[in-house]
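**Q** this is the structure alone, sequence omitted:
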């Protein structure tokens, strides 16, 4: 029997789908797919601010920053990059 104690994805589960949500910064769509960028405050754990990018509700990228301003800048760069490649901003 396989030992899944080190595996963060539960057997049969989706990676990144159970991660806690942060403040939604922006949302975009393309070809029926959804991209969402969130900001999480991890100051209580001492890890700063975390930008989380989800594609169709699954985490595809995270980036940690010491300051909220840098995290917002990183999220803005991601947004502009995706909008320049055909993604459409949505509410």
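**A** Arrived safely, thanks for sending. All of these numbers come straight from a predicted model, not from anything done at the bench. Residues are numbered from 1 along each chain as shown.

**Q** quickly find the element holding the spatially closest residue to residue 23 that is not a sequence neighbour.
**A** Leaving aside its chain neighbours, residue 23 sits nearest to residue 39 (4.8 Å; criterion: C-beta to C-beta, 6 or more residues apart in numbering). Placement of C-beta: from N, CA and C, glycine included. Element membership of residue 39 [criterion: DSSP states H and E] is strand 33-41.

**Q** how many neighbouring residues does the nearest residue to residue 20 once chain neighbours are set aside have?
**A** Leaving aside its sequence neighbours, residue 20 sits nearest to residue 40 (C-beta to C-beta, 6+ apart; 7.1 Å). A count of nearby residues for residue 40, using other C-beta atoms under 10 Å, gives 19.

**Q** list the buried residues of the strand holding residue 39.
**A** Going by neighbour count (16 or more other C-beta atoms under 10 Å), the buried part of strand 33-41 is 35-40.

**Q** same check, this time on stretch 75-91
**A** Buried, per 16+ other C-beta under 10 Å, within stretch 75-91: 75, 78-79, 82, 87.

**Q** coming back round to it: could you pull up the mean pLDDT of the strand holding residue 39?
**A** Strand 33-41 shows a mean pLDDT of 96.

**Q** what of stretch 63-83?
**A** Mean predicted confidence for stretch 63-83 is 96.

**Q** ok now that stretch, how far from the chain's centre?
**A** Relative to the centre of its chain, stretch 63-83 is centred 11 Å away, using C-alpha atoms, centre = their mean, to the nearest Å.
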